[in-house]
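Novice: kindly return the folded structure for what I paste below:
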Amino acid sequence: MIRLLIALTFVSTLSFAEQGLSQKDAQFLQMMQQKAEADQREAEYQNPKKPKLSKDRAVLGSLSAPVVIVAYSDFQCPYCSRGANTIEEVRKKYGNKVAFMFKHLPLPFHSMAQPAAEYFEAIAIQDPKKAYRFHDEVFKNQAQLQSGGEGFLSEIAKKVGADLARLKKDIKSPKVQKRIEEDKQEAQSFQISGTPGFIVAGISLKGAYPMEAFEEIIDRRLKK
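Specialist: Numbering: from 1, shown residues only. I've put the predicted structure just below:
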(Lines give C-alpha, C1' and ligand atoms only; values in the text may rest on other atoms or scores of the structure.)
Protein backbone atom coordinates (compact mmCIF):
# COMPACT_ATOMS: atom_id res chain seq x y z
CA MET A 1 0.00 0.00 0.00
CA ILE A 2 2.81 2.40 0.91
CA ARG A 3 4.60 1.82 -2.41
CA LEU A 4 1.38 2.46 -4.28
CA LEU A 5 0.71 5.74 -2.44
CA ILE A 6 4.26 6.93 -3.11
CA ALA A 7 3.88 6.16 -6.81
CA LEU A 8 0.55 7.93 -7.05
CA THR A 9 1.89 10.93 -5.12
CA PHE A 10 4.76 11.29 -7.58
CA VAL A 11 2.54 11.15 -10.64
CA SER A 12 -0.02 13.57 -9.23
CA THR A 13 2.67 15.95 -7.99
CA LEU A 14 3.87 16.35 -11.56
CA SER A 15 0.34 17.10 -12.66
CA PHE A 16 -0.21 19.72 -9.97
CA ALA A 17 3.21 21.24 -10.66
CA GLU A 18 2.23 21.69 -14.28
CA GLN A 19 -0.68 23.73 -12.99
CA GLY A 20 1.68 26.13 -11.23
CA LEU A 21 1.40 24.74 -7.68
CA SER A 22 4.45 24.36 -5.47
CA GLN A 23 5.63 20.84 -4.74
CA LYS A 24 4.65 21.25 -1.09
CA ASP A 25 1.12 22.34 -1.97
CA ALA A 26 0.83 19.60 -4.56
CA GLN A 27 1.89 16.95 -2.06
CA PHE A 28 -0.60 18.24 0.52
CA LEU A 29 -3.46 18.24 -1.98
CA GLN A 30 -2.49 14.78 -3.16
CA MET A 31 -2.39 13.52 0.41
CA MET A 32 -5.90 14.86 0.98
CA GLN A 33 -7.07 13.28 -2.26
CA GLN A 34 -5.60 9.93 -1.28
CA LYS A 35 -7.32 10.08 2.12
CA ALA A 36 -10.64 10.80 0.43
CA GLU A 37 -10.09 7.89 -1.97
CA ALA A 38 -9.12 5.57 0.89
CA ASP A 39 -12.24 6.57 2.84
CA GLN A 40 -14.41 5.99 -0.22
CA ARG A 41 -12.79 2.61 -0.83
CA GLU A 42 -13.46 1.50 2.74
CA ALA A 43 -17.09 2.54 2.30
CA GLU A 44 -17.26 0.45 -0.88
CA TYR A 45 -15.91 -2.59 0.94
CA GLN A 46 -18.93 -2.30 3.20
CA ASN A 47 -21.32 -1.45 0.38
CA PRO A 48 -19.85 -2.82 -2.88
CA LYS A 49 -20.87 -1.45 -6.25
CA LYS A 50 -22.87 -3.91 -8.31
CA PRO A 51 -22.41 -3.70 -12.08
CA LYS A 52 -24.82 -5.67 -14.23
CA LEU A 53 -23.31 -9.07 -15.06
CA SER A 54 -25.48 -10.48 -17.83
CA LYS A 55 -24.73 -14.05 -18.83
CA ASP A 56 -25.10 -13.10 -22.49
CA ARG A 57 -22.17 -10.69 -22.31
CA ALA A 58 -18.66 -11.63 -23.41
CA VAL A 59 -16.62 -12.56 -20.35
CA LEU A 60 -13.21 -14.09 -19.71
CA GLY A 61 -13.55 -16.69 -17.00
CA SER A 62 -16.65 -17.62 -15.02
CA LEU A 63 -19.03 -15.11 -13.45
CA SER A 64 -19.10 -17.44 -10.46
CA ALA A 65 -15.42 -16.68 -9.79
CA PRO A 66 -14.63 -15.18 -6.35
CA VAL A 67 -13.60 -11.89 -7.98
CA VAL A 68 -15.21 -10.26 -11.01
CA ILE A 69 -13.53 -7.28 -12.66
CA VAL A 70 -15.51 -4.99 -14.95
CA ALA A 71 -13.74 -2.43 -17.13
CA TYR A 72 -15.29 0.69 -18.64
CA SER A 73 -12.93 1.42 -21.47
CA ASP A 74 -12.21 3.22 -24.73
CA PHE A 75 -10.29 1.42 -27.48
CA GLN A 76 -8.60 4.65 -28.57
CA CYS A 77 -7.48 5.74 -25.09
CA PRO A 78 -3.75 5.11 -24.45
CA TYR A 79 -4.37 4.73 -20.72
CA CYS A 80 -6.92 2.01 -21.51
CA SER A 81 -4.22 0.13 -23.40
CA ARG A 82 -2.10 0.27 -20.25
CA GLY A 83 -5.10 -0.90 -18.24
CA ALA A 84 -5.62 -3.83 -20.61
CA ASN A 85 -2.01 -4.90 -20.03
CA THR A 86 -2.56 -4.78 -16.27
CA ILE A 87 -5.69 -6.92 -16.55
CA GLU A 88 -3.65 -9.48 -18.52
CA GLU A 89 -1.14 -9.57 -15.64
CA VAL A 90 -3.97 -9.98 -13.13
CA ARG A 91 -5.49 -12.88 -15.04
CA LYS A 92 -2.12 -14.60 -15.34
CA LYS A 93 -1.53 -14.33 -11.60
CA TYR A 94 -5.00 -15.25 -10.30
CA GLY A 95 -6.26 -17.63 -12.99
CA ASN A 96 -9.80 -18.89 -12.46
CA LYS A 97 -10.13 -16.90 -9.23
CA VAL A 98 -10.97 -13.85 -11.34
CA ALA A 99 -13.33 -13.17 -14.22
CA PHE A 100 -13.15 -10.15 -16.52
CA MET A 101 -15.90 -8.35 -18.40
CA PHE A 102 -15.10 -5.56 -20.87
CA LYS A 103 -17.64 -2.74 -21.08
CA HIS A 104 -17.60 0.48 -23.05
CA LEU A 105 -17.13 4.16 -22.32
CA PRO A 106 -16.13 5.62 -25.71
CA LEU A 107 -15.11 9.24 -25.21
CA PRO A 108 -16.61 11.79 -27.63
CA PHE A 109 -13.22 13.18 -28.73
CA HIS A 110 -12.01 9.72 -29.85
CA SER A 111 -13.62 9.31 -33.24
CA MET A 112 -12.84 5.59 -33.57
CA ALA A 113 -13.79 4.55 -30.03
CA GLN A 114 -17.50 4.09 -30.76
CA PRO A 115 -16.94 2.08 -33.98
CA ALA A 116 -14.42 -0.14 -32.21
CA ALA A 117 -16.91 -0.77 -29.41
CA GLU A 118 -19.55 -1.69 -31.99
CA TYR A 119 -17.18 -4.14 -33.66
CA PHE A 120 -16.35 -5.78 -30.32
CA GLU A 121 -20.01 -6.31 -29.43
CA ALA A 122 -20.96 -7.48 -32.94
CA ILE A 123 -18.15 -10.04 -32.84
CA ALA A 124 -19.18 -11.06 -29.31
CA ILE A 125 -22.60 -12.04 -30.67
CA GLN A 126 -20.78 -14.57 -32.85
CA ASP A 127 -18.13 -15.75 -30.40
CA PRO A 128 -17.01 -14.12 -27.11
CA LYS A 129 -13.51 -15.60 -27.46
CA LYS A 130 -13.10 -13.96 -30.86
CA ALA A 131 -14.30 -10.67 -29.37
CA TYR A 132 -11.52 -10.76 -26.78
CA ARG A 133 -8.95 -11.66 -29.43
CA PHE A 134 -10.20 -8.57 -31.28
CA HIS A 135 -9.84 -6.60 -28.01
CA ASP A 136 -6.23 -7.73 -27.63
CA GLU A 137 -5.28 -7.03 -31.25
CA VAL A 138 -6.76 -3.53 -31.26
CA PHE A 139 -4.97 -2.54 -28.07
CA LYS A 140 -1.68 -4.05 -29.25
CA ASN A 141 -1.94 -2.08 -32.51
CA GLN A 142 -3.68 0.98 -31.10
CA ALA A 143 -1.51 3.43 -33.01
CA GLN A 144 -3.10 2.20 -36.25
CA LEU A 145 -6.68 2.70 -35.07
CA GLN A 146 -6.98 6.39 -35.90
CA SER A 147 -5.10 6.23 -39.19
CA GLY A 148 -6.59 2.95 -40.36
CA GLY A 149 -10.18 3.65 -39.39
CA GLU A 150 -12.88 1.12 -40.23
CA GLY A 151 -10.54 -0.64 -42.62
CA PHE A 152 -8.22 -1.43 -39.73
CA LEU A 153 -11.13 -2.72 -37.63
CA SER A 154 -12.31 -4.94 -40.50
CA GLU A 155 -8.80 -6.36 -40.92
CA ILE A 156 -8.62 -7.23 -37.23
CA ALA A 157 -12.12 -8.74 -37.30
CA LYS A 158 -11.12 -10.90 -40.27
CA LYS A 159 -7.87 -11.87 -38.54
CA VAL A 160 -9.69 -13.18 -35.46
CA GLY A 161 -12.05 -15.22 -37.64
CA ALA A 162 -15.24 -13.18 -37.46
CA ASP A 163 -17.95 -13.57 -40.10
CA LEU A 164 -17.69 -10.15 -41.73
CA ALA A 165 -21.03 -10.35 -43.54
CA ARG A 166 -22.86 -11.09 -40.30
CA LEU A 167 -20.80 -8.50 -38.45
CA LYS A 168 -21.86 -5.75 -40.88
CA LYS A 169 -25.52 -6.62 -40.18
CA ASP A 170 -25.13 -6.75 -36.41
CA ILE A 171 -22.88 -3.76 -35.91
CA LYS A 172 -25.66 -1.14 -36.09
CA SER A 173 -28.32 -3.38 -34.61
CA PRO A 174 -30.45 -2.13 -31.70
CA LYS A 175 -28.92 -4.85 -29.50
CA VAL A 176 -25.36 -3.62 -30.01
CA GLN A 177 -26.27 0.07 -29.73
CA LYS A 178 -28.36 -0.48 -26.59
CA ARG A 179 -25.59 -2.47 -24.95
CA ILE A 180 -22.99 0.28 -25.45
CA GLU A 181 -25.41 2.96 -24.28
CA GLU A 182 -26.23 0.96 -21.15
CA ASP A 183 -22.52 0.61 -20.44
CA LYS A 184 -22.09 4.38 -20.62
CA GLN A 185 -25.00 4.93 -18.27
CA GLU A 186 -23.72 2.35 -15.82
CA ALA A 187 -20.28 3.98 -15.77
CA GLN A 188 -21.91 7.34 -15.04
CA SER A 189 -23.93 5.79 -12.20
CA PHE A 190 -20.60 4.80 -10.60
CA GLN A 191 -19.18 8.33 -11.15
CA ILE A 192 -16.76 7.01 -13.76
CA SER A 193 -16.39 9.75 -16.37
CA GLY A 194 -12.85 9.12 -17.65
CA THR A 195 -11.17 6.00 -18.95
CA PRO A 196 -10.25 3.46 -17.95
CA GLY A 197 -12.50 2.81 -14.97
CA PHE A 198 -12.78 -0.52 -13.16
CA ILE A 199 -15.05 -2.17 -10.65
CA VAL A 200 -12.95 -4.83 -8.92
CA ALA A 201 -15.06 -7.09 -6.70
CA GLY A 202 -17.35 -4.11 -6.10
CA ILE A 203 -14.53 -1.61 -5.50
CA SER A 204 -13.97 1.23 -7.96
CA LEU A 205 -10.60 2.14 -9.45
CA LYS A 206 -10.73 5.25 -11.62
CA GLY A 207 -7.68 5.37 -13.83
CA ALA A 208 -4.86 3.19 -15.14
CA TYR A 209 -3.79 1.95 -11.72
CA PRO A 210 -0.75 -0.32 -11.40
CA MET A 211 -0.94 -4.04 -10.62
CA GLU A 212 -0.49 -3.40 -6.89
CA ALA A 213 -3.84 -1.64 -6.64
CA PHE A 214 -5.66 -4.63 -8.11
CA GLU A 215 -3.71 -7.05 -5.94
CA GLU A 216 -4.61 -5.16 -2.78
CA ILE A 217 -8.34 -5.39 -3.50
CA ILE A 218 -8.30 -8.95 -4.86
CA ASP A 219 -6.19 -10.36 -2.01
CA ARG A 220 -8.45 -8.72 0.57
CA ARG A 221 -11.55 -10.15 -1.10
CA LEU A 222 -10.04 -13.63 -1.40
CA LYS A 223 -9.15 -13.68 2.29
CA LYS A 224 -12.83 -13.24 3.10
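Novice: rest of the way, CA atoms for contacts and neighbours
Specialist: Fine.
Novice: in this structure, where's the longest helix?
Specialist: helix 23-46 (DSSP state H).
Novice: can you give me the buried ones in it?
Specialist: Neighbour-count burial for helix 23-46, counted by 16 or more other CA atoms under 10 Å, picks out 26, 27, 29, 30, 31, 41, 45.
Novice: counting by contacts, list what the very next helix or strand once past it packs against.
Specialist: Per DSSP states H and E, the first helix or strand lying C-terminal to helix 23-46 is strand 59-60. Here strand 59-60 touches strand 98-104, helix 128-140, going by 3 or more CA pairs under 8 Å, 6 or more residues apart in numbering; DSSP states H and E.
Novice: right, and these - which one's nearest residue 174?
Specialist: Nearest to residue 174, of all these, is strand 98-104, at 15.7 Å by CA to CA.
Novice: least trustworthy helix or strand in the chain by mean pLDDT?
Specialist: Counting by mean pLDDT, DSSP states H and E, the chain has its least confident helix or strand at helix 2-18, which shows a mean of 43.
Novice: wait, residue 122 sits on residue 177?
Specialist: No: in this structure residue 122 lies outside contact range of residue 177 using CA atoms under 8 Å: 9.8 Å.
Novice: look up phi and psi at the residue nearest to the spatial centre of the chain.
Specialist: Taking CA atoms, centre = their mean, the centroid of the chain lies closest to residue 71, which sits 3.0 Å from it. Backbone torsions of residue 71, given as degrees, to the nearest 10, read phi -110, psi 140.
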